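>>> only geometry, no sequence info:
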Ligand code: UD1
Ligand code: UDP
């Protein structure tokens with residue numbers, strides 16, 4: 001009997017992290033049902049290969065599209081042109097995509113043009129503001145219009161889809177696969193010290209509280225990212241604080257961050273970390289400041305208060321349950337909340353000790369079922 005062919009398409013760091021446990025589950029648990037293939041658009045390069053090597057994802061097709069300072073249009077047109085060839089060559093029965101990147105939206109569109117089924121993992125997240133996050137809010141909505149199966153991480157995400165008229169029978173609430181990934185990394189860390197962790201141990205000052213920072217979103221480029229950096233600079237003048245910022249490779253991020261924070265006392269600007277080392281560092285952090293989507297979902301599992309450097313989030317579950325606080329991008333507000341968490345133990349614990357609303361580590365198995 002012919003086995004249906006499933007093609008995973010992804011291209012950026014977060015998609016790879018969140019699809020890795022699912023791809024591995026498909027490869028190991030569904031061999032007799034499906035043939036599983038992976039296609040990387042290569043929207044990211046170094047930051048993607050870090051993930052692929054940790055999770056041992058074999059890439060069957062690599063579109064290799066990344067260019068320095070690429071534009072949304074160039075990413076999109078390259079993927080559209082090149083994916084057609086892959087679809088013609090493999091003729092998959094279904095394409096699985098994740099989340100909200102340009103890779104995700106354009107791969108879905110391309111699959112639709114080729115009349116291939118689309119299954120969407122992490123479906124239904126919304127802010128209802130088309131410019132926040134930009135362009136991810138609309139990317140994710142485009143996929144929802146096309147997808148044949150929608151794997152929503154939470155009931156709230158399911159409700160967003162139902163409100164948009166998406167067929168109820170196509171929606172399954174599974175939890176977020178990022179918790180599966182995080183648990184895999186934590187398990188690996190029990191008897192694992194890679195070179196990055198050895199280097200981190202050398203820079204960490206055990207007498208200080210670590211503020212771990214990531215910020216890279218397009219809508220924060222310019223003044224907002226400058227404000228974030230100025231807040232970090234001020235925080236670093238406190239005697240008991242060390243700021244560690246693994247900086248995204250995007251030149252628009254690097255230029256601002258380096259111009260304000262390079263070579264400053266108590267601030268370590270470092271390269272993006274592999275997933276186990278970043279997980280290790282999250283565990284060591286006292287608080288996390290971030291505009292990342294995935295980190296909002298991971299931090300509560302590690303009982304780390306996360307302060308979100310955005311005005312709106314498509315992950316309101318954390319804010320509602322109290323595991324994360326939206327602090328925006330104004331310097332004074334960031335300072336106020338970060339210092340409060342560091343100085344006031346009751347406040348700290350009121351955030352740190354809440355349960356994670358995003359999943360239980362079994363999302364991949366549920367999606368396969
Ligand atoms: C993309 C996603 C965003 C996601 C982020 C995760 C879109 C529109 N945005 O944004 O949703 O949160 O990935 O990190 O899809 N670069 C490198 N090496 C790398 C990766 C990036 O040098 O391994 C540099 C390149 O100069 C590249 C630039 O970063 O042109 C921007 O990459 P791009 O994928 O366009 O945007 P991100 O901000 O990473
Ligand atoms: N991450 C990582 N190394 C880093 C910074 C982040 O492995 O130096 C992981 C993080 O744990 C999370 C994911 O990357 O799982 C988030 O990706 P990113 O911030 O690039 O994208 P977003 O979540 O904002 O879409």
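That came through fine. Keep in mind that what you see is a predicted model, and the values were worked out from it rather than measured. Ligands and ions are numbered 1, 2, ... in the order given.

>>> CA atoms for contacts and neighbours, from now on please.
Noted.

>>> so which bits of the stretch 1-150 of the chain are right by ligand 1?
By C-alpha under 6 Å from any ligand atom, the part of the stretch 1-150 of the chain that sits against ligand 1 consists of 12-14, 43-48, 67-70, 101-103, 135-136.

>>> show me which of these neighbour ligand 2.
Applying C-alpha under 6 Å from any ligand atom to those, one finds that 13-14 fall near ligand 2.

>>> which ones among the residues of the stretch 1-150 of the chain next to ligand 1 lie within helices?
13-14, 46-48, 102-103, 136 (DSSP state H).

>>> contact partners for the closest residue to residue 66 other than its chain neighbours?
Spatial nearest neighbour of residue 66, chain neighbours left out: residue 43 (4.8 Å); criterion: C-alpha to C-alpha, 6 or more residues apart in numbering. Residue 43 sits next to 11-12, 64-66, 75, 103 when contact means C-alpha atoms under 8 Å, 6 or more residues apart in numbering.

>>> residue ranges with poor pLDDT in the stretch 1-150 of the chain?
Counting by pLDDT under 70, not a single residue of the stretch 1-150 of the chain qualifies.

>>> turn the ones in helices among the residues of the stretch 1-150 of the chain next to ligand 1 into a markdown table, including neighbour count.
Compiled in a markdown table, these are given as follows (neighbours: other C-alpha atoms under 10 Å):
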| residue | neighbour count |
| --- | --- |
| 13 | 21 |
| 14 | 22 |
| 46 | 14 |
| 47 | 22 |
| 48 | 21 |
| 102 | 23 |
| 103 | 28 |
| 136 | 22 |
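
>>> ok, the residues you listed vs ligand 2, which is closest?
Relative to ligand 2, the closest of these is residue 14; by C-alpha to the nearest ligand atom it sits at 4.2 Å.

>>> count the neighbours of the closest residue to the closest one other than its chain neighbours for me.
With C-alpha to C-alpha, 6+ apart as the criterion, residue 14 has its nearest non-adjacent residue at 7.0 Å, and that residue is residue 294. Using other C-alpha atoms under 10 Å, residue 294 has 17 other residues around it.

>>> over to residue 345?
Using other C-alpha under 10 Å, residue 345 has 10 other residues around it.

>>> got the contact list for it?
The contact partners of residue 345, taken as C-alpha under 8 Å, 6+ apart, number zero.

>>> can you pull the pLDDT of it?
On pLDDT, residue 345 comes in at 97.

>>> any idea how far residue 353 is from it?
The gap separating residue 345 from residue 353 is 12 Å, by C-alpha to C-alpha, to the nearest Å.

>>> look up phi and psi at the residue nearest to residue 14.
When read as degrees, to the nearest 10, the backbone of residue 294 gives phi -60, psi -40.

>>> check residue 173 too.
phi -90, psi 120.

>>> who's it bridged to?
residue 152 (DSSP bridges).

>>> list the contacts for it?
Residue 173 makes contact with 151-155, 158, according to C-alpha under 8 Å, 6+ apart.

>>> for the residues you listed, which one is nearest ligand 2?
residue 153 (14.5 Å).

>>> mind checking pLDDT for that closest one?
For residue 153, the model assigns a pLDDT of 98.

>>> any chance of the contacts of residue 173 in a markdown table, plus neighbour count and distance to residue 241?
A markdown table is the format used below for these (neighbours: other C-alpha atoms under 10 Å; distance: C-alpha to C-alpha, whole Å):
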| residue | neighbour count | distance to residue 241 |
| --- | --- | --- |
| 151 | 25 | 40 |
| 152 | 26 | 38 |
| 153 | 24 | 35 |
| 154 | 22 | 35 |
| 155 | 15 | 38 |
| 158 | 21 | 40 |
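
>>> just the helices in the stretch 151-300 of the chain please.
Secondary structure of the stretch 151-300 of the chain (DSSP state H, counting those that start in this stretch): helices at 155-163, 177-189, 195-203, 223-235, 251-261, 275-284, 293-298.

>>> identify each buried residue in the third one, please.
The reference is to helix 195-203. By 16 or more other C-alpha atoms under 10 Å, the buried positions in helix 195-203 come out as 197, 200.

>>> ok now it, how far from the chain's centre?
Counting by C-alpha atoms, centre = their mean, to the nearest Å, helix 195-203 is centred 23 Å from the centre of its parent chain.
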